[in-house]
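Visitor: give me the fold of what follows.
(2 chains)
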Protein chains: 2
Amino acid sequence: MATTTPTIAQVCLAAREASLVLATIDGRTRNAALEAMAGALEARSAEILEANARDMDAGVEAGLGASLLDRLKLDEERLAGMAADVRTIASLPDPVGETIERQRLENGLDVRRVRVPLGVVAVVYEARPNVTIDCSALCLKSGNAIVLRGSSTAANSNAVLAHVASEAVSSAGIPAGAISLVGGGDRDELRQLATQDGVIDLIIPRGGEGLKAALKEHATVPVMYAAAGNCHVFVDAGADLDDAVAIVLNAKVQRPSVCNAVETLLVHSGVAAELLPRLLGELRESGVELRVDGRTRALAGDLADTLAEATQEDWATEYHALILAVRVVDSVDEAVEHVNRYGSGHSEAIVTGSEASAQAFTGGVDAACVYVNASTRFTDGAVFGMGAEIGNSTQKLHARGPIGARELTSYKFVIEGSGQVRE
Amino acid sequence: MATTTPTIAQVCLAAREASLVLATIDGRTRNAALEAMAGALEARSAEILEANARDMDAGVEAGLGASLLDRLKLDEERLAGMAADVRTIASLPDPVGETIERQRLENGLDVRRVRVPLGVVAVVYEARPNVTIDCSALCLKSGNAIVLRGSSTAANSNAVLAHVASEAVSSAGIPAGAISLVGGGDRDELRQLATQDGVIDLIIPRGGEGLKAALKEHATVPVMYAAAGNCHVFVDAGADLDDAVAIVLNAKVQRPSVCNAVETLLVHSGVAAELLPRLLGELRESGVELRVDGRTRALAGDLADTLAEATQEDWATEYHALILAVRVVDSVDEAVEHVNRYGSGHSEAIVTGSEASAQAFTGGVDAACVYVNASTRFTDGAVFGMGAEIGNSTQKLHARGPIGARELTSYKFVIEGSGQVRE
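Guide: Got it, this is the predicted structure:
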C-alpha cells in the first residue's frame, strides 16, 4: 500500500483543527491524558530504547563528540525521569479557564478576561530527545496542540517518543493531531513552518544562534527568542563576604556551560580590597580563568601578574566556560549601567546588606530575573515550580524568564449582556 | 548655527536611555506629567491649530478626500477632548510595580513576579493627529518611552503635538527622549525602525494592509498586529427576536467603517423562518446590501428576488461598508465552525436564550472578544475602562483585544534570598 507523507502545511492544519477541540476539553481529561503519556513511556521503554540505540550508533559512526552523545542517550533511568516530569506537570493547577479579571460596565455588560490556550505551538529543537516529551506535556497541560521539529541526530528517538505520546493521549480522549512531529530536514522545512500564518500561534526555538538567525530572517508567525545569558553578579559595599564568595563560586563553577551561569563579576570599590584577593584566589583554585580591569589587578596581590586584561569584548561575551571577567565599580548605579549595557536580560544578581542598594538594583536592572543575595543559577522552570520549562525568554513581550504551562496561554474577553447595543 | 537631524538609530537609543530612567520613576510623577501634558494642550492650542491649518491647506491642495480631511482636522473641541482623554488615563490605577504572583520556595527564596514597563514602544500610524497624544499618554502611564512615526499628511500637526507633549512632561521630571517623533518619510525609515533589535521592544502598526505587509517582511523586533475585523453575529434558535434585530442592526449600521462592525450574519434554521423576513426588511430599509445563501433566499419572501448570492469570497471579506452576508446554519457547532474558519479573531457575538449555546459559543470561538446578547461594537479600550487604546490585537501572544496601559507592561522575576546557592 502506498502511503504519502503529509506536508508541513497539512500537519499544521491538522494541529490547528485539534487545537480548536483541545480548547474545549476540561482539565481532568487533559491530566488523565498526561498520566497515560507517563505510563506509556514506562510500558513501551524497550521500543524507545531500541530506537535511541539506533541514533546512538549513527551518532558514533558520524563522529559526534562525547557531550553530544551524552545528551542524545536514553536509558531506563532517564525515561523514568521523563515520566516523573510528566506526572509533576499533571499535578500542577490547571492554567486554562481562570477568570483573570472581571468588571461590570455601567451599561450592565459583564466583561471577563478568561485564560485560554494559545492554540498551536511549534518547538524547534536540537539533540536532546527528552525535549519531545517535556514540551508535549507542557502544551497538553495548557490545552495547546504542538508541532515538534527535532534534529536529524535524534530522528529515531524523537519519532518513537512522539508516536508513543500521541497514541497514549489519543486513547485518553485527546484529538489526533494534538502532538505531531515533522522531519528534521533542511532549512526550507523550517521556513515553511515559520510562515504558517493564522495556523501556528507561536514558535519556540531551542537551539543555537544559527537557528535563531534563520527564524529572524524568515518567520512571519510569532517567535519567542531566548538570548544567550550574559549574566552578572555585583558585590556591593557592605556585603556579607562569605555569601559573596559562595554565590560567585556557585554561579560560575557549578555548571559553567548553562545560560544562567555568571560571566562578569562587578565589585564595589568599597569592598574590593578586602574581597578580591580571597575571591580571585578561590576562583583560580577552581580552575577559573580571570580577565580583569586595571583596578582589579591593582588589588590582586600575588595573583596580579597572572591575570589577563579584560577588553571591551569580554564585557559582552557569554563564555559558557570556566572564564570570568572582573571589574571594579564605584556605585550600585555604575553596576546597573554596566549590566544594562552589556547584559542579555537573563539573570542578574546583587550581593548586598543594604535595602536601598537592593531596590536600586532590582528596580534599575532590565532583566527577566533579578536576584538579591542568591546565585543566578536558580533561573529554571522546575525550580520556579513550573514542573519543566519549554524555553526561557529574554524578550519582554508575552512572557519573560522560564516558560511553563501558564505562560503558554492567552486570554479572551467574554462579554455577557442582555441586548445591549452601542449608542 | 548648523543643526543636524538625528538618525532613527540615535532617536531610538535616546528613547532606550530614557526608558531605563522611566522604569524607576514613581506613578505620582508619571501622573503629574500627564496632567502637565493635558494642560499644555490647552495652553498652547493656538500654536497647535496653526500647524494643523497648514496640514489642512496642504491636504486640500493635494486633493485629499473629505473623510481624510475630517480625520486630519483639529479644533478647540477636539483638542479639549484629547486633553480630557489624557486626564482620564492619569486617573487610572498605576499598572507598574504590581506584584502579580509571589511564592516562597522550599530553600527560602522569595520569588515575586513584578509588573514592569516594556521599555520602548514604537507606534506607526496614519492620518489622525490625536493618535500622537493618545499613544504618548498610554506609554507614559505605563512607564514606557515612545517613538512615534506619523504620516507626512499630518507632519506639521504631529510635530507640534509631540513637541508640546515632550516639553510638558520634561518640565514635570520625565527624562528627555521619553516622547520622540521621527519623520514620516519613506519605507526605508520604517525598515530602520523595525530592525532596532534590543532597543525597541514593540512596534504597533496602526494603518492599512500595506504597512502591515512591510513590517511582516522587514521587522526583526516584535510587532503587534491587528487583523482586519471580519466579525459575525449568530442568532441561535430560541433567541429573543427583538434583541436579535436590535443587535444585528446596531452591529452593521451604527458605524459600518470600523473593525468591530459585523460582516456576516449566521441564523439558526430553527428561527430563520420567523426572523429573516423581518430582519432582512429592516436591514434593507437601513440601506444595507445583502448577499445571502440559498436557504436565506428561500425564506426571504418578497425580498428574495432582490438579494445577491453570497460566494465563498463573501464569507471571508471585511466589507467596511453597508453590506452584510447572511447564511442559515443548523446548530451552534456549525456557527462556531464557520466563525473559526472565516473570522479574523476580532469580535464575535451570539444572540441566544440558552446557557448551553452561550457556553458552546464562547468556549469554541477563537477570538479576542466573544459577546453573548450584545453588539460587537463594544470592543474598544475606552469602553473597557482603559481610557484609550493604543491598538487592538488579534494576535494571541502577549495581549489580545484592546491594548491599554496595562497591556503595555511586561514583568520581571525579583528573587530575594539570604545567600542561597544551587546544589
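Visitor: against which helices or strands is whichever strand in chain A runs longest packed?
Guide: Ranked by residue count and defined by DSSP state E, the top strand of chain A is strand A:409-420. Other helices and strands packing on strand A:409-420, by 3 or more Cβ pairs under 8 Å, 6 or more residues apart in numbering or on different chains; DSSP states H and E, are strand A:110-117, helix B:241-253, strand B:369-374. From N, CA and C alone the C-beta is placed, and that goes for glycine too.
Visitor: if we use 10 Å, what do you get?
Guide: strand A:99-104, strand A:110-117, helix B:241-253, strand B:347-351, helix B:355-364, strand B:369-374, strand B:401-403 (3 or more Cβ pairs under 10 Å, 6 or more residues apart in numbering or on different chains; DSSP states H and E).
Visitor: surely residue A:176 meets residue A:170?
Guide: Yes - the pair residue A:176 / residue A:170 is scored as a contact, 5.6 Å apart, by Cβ atoms under 10 Å.
Visitor: flag the shaky bits of chain A, pLDDT-wise.
Guide: A:1-3, A:184-186 (pLDDT under 70).
Visitor: quick check: domain ranges of it?
Guide: A:8-226, A:231-378 (automatic domain parsing).
Visitor: looking at these, which is closest to residue B:254?
Guide: Nearest of these to residue B:254, taken as Cβ to Cβ: domain A:8-226 at 14.4 Å.
Visitor: now that closest one: how far from the chain's centre is it?
Guide: 14 Å (Cα atoms, centre = their mean, to the nearest Å).
Visitor: could you export the domains of chain A as JSON lines, including distance to residue B:109 and mean neighbour count?
Guide: Output for the domains of chain A, formatted as JSON lines (distance: least, Cβ to Cβ, whole Å; neighbours: other Cβ atoms under 10 Å in any protein chain shown):
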{"stretch": "domain A:8-226", "distance to residue B:109": "19", "mean neighbour count": "19"}
{"stretch": "domain A:231-378", "distance to residue B:109": "6", "mean neighbour count": "20"}
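Visitor: so which of these comes closest to residue B:77?
Guide: Closest among these, using Cβ to Cβ: domain A:8-226, at 23.8 Å.
Visitor: ok so, going back, buried set for the longest strand of chain A?
Guide: A:409-417, A:419-420 (16 or more other Cβ atoms under 10 Å in any protein chain shown).
Visitor: how close does residue A:423 get to chain B?
Guide: Distance, residue A:423 to chain B, by Cβ to the nearest Cβ, to the nearest Å: 8 Å.
Visitor: tally of neighbours for that residue?
Guide: Residue A:423: 7 surrounding residues under other Cβ atoms under 10 Å in any protein chain shown.
Visitor: contacts only, for it.
Guide: A:107, B:250, B:254, B:377 (Cβ atoms under 10 Å, 6 or more residues apart in numbering or on different chains).
Visitor: you'd agree the third one is up against residue B:322?
Guide: No - counting by Cβ under 10 Å, residue B:254 does not reach residue B:322; the two are 11.1 Å apart.
Visitor: what is in contact with these two at once?
Guide: What both residue B:254 and residue B:322 touch, as defined by Cβ under 10 Å, 6+ apart, is the set B:261, B:286.
Visitor: what residues does the stretch 51-200 of chain A put near chain B?
Guide: A:97, A:101, A:103, A:105-114, A:116-120, A:195, A:197-198 (Cβ under 10 Å from any Cβ of the partner chain).
Visitor: and the stretch 201-350 of chain A, which of its residues are near chain B?
Guide: Going by Cβ under 10 Å from any Cβ, the residues of the stretch 201-350 of chain A near chain B are A:201-202, A:213, A:215-217, A:219-225, A:227, A:240, A:242-244, A:246-251, A:254-255, A:260, A:336-337, A:340-341, A:344-345, A:347-349.
Visitor: look at the spatially most distant residue from the centre of chain A and give its secondary structure.
Guide: Here chain A reaches farthest from its C-alpha mean at residue A:423, the gap being 47.7 Å by Cα atoms, centre = their mean. At residue A:423 the chain is in coil, as set by DSSP: H, G, I helix; E, B strand; the rest coil.
Visitor: so which residue of the stretch 251-400 of chain A comes closest to chain B?
Guide: Of all residues in the stretch 251-400 of chain A, the one sitting closest to chain B is residue A:374 (3.2 Å; Cβ to the nearest Cβ).
Visitor: in contact with that residue, which residues are there?
Guide: Applying Cβ under 10 Å, 6+ apart, we find residue A:374 in contact with A:243, A:247, A:250-251, A:349-351, B:107-111, B:415-422.
Visitor: ranges for the helices of the stretch 201-350 of chain A?
Guide: A:209-218, A:241-253, A:269-285, A:294-298, A:312-315, A:332-342 (DSSP state H, counting those that start in this stretch).
Visitor: so which of those helices gets nearest residue B:64?
Guide: So among the helices of the stretch 201-350 of chain A, helix A:209-218 is nearest, using Cβ to Cβ, at 37.9 Å.
Visitor: list the contacts of the residue of the stretch 51-200 of chain A found nearest chain B.
Guide: Chain B sits closest to residue A:118 of the stretch 51-200 of chain A, with a gap of 5.2 Å, by Cβ to the nearest Cβ. Contacts for residue A:118 (Cβ under 10 Å, 6+ apart) come out as A:19, A:23, A:139, A:142-145, A:200-202, A:222, A:398, A:407-410, B:395-397.
Visitor: among the residues you listed, which are located in strands?
Guide: Per DSSP E, the subset of those in strands is A:145, A:202, A:409-410.
Visitor: now residue A:116, nearest residue through space, not along the chain?
Guide: residue A:412 (5.2 Å; Cβ to Cβ, 6 or more residues apart in numbering or on different chains).
Visitor: no wait, residue A:197
Guide: residue A:220 (5.4 Å).
Visitor: again, but for residue A:11
Guide: Using Cβ to Cβ, 6+ apart, the nearest residue to residue A:11 is residue A:180, at 5.0 Å.
Visitor: the one you found belongs to a strand?
Guide: Yes - the assignment for residue A:180 (three-state DSSP) places it in a strand.
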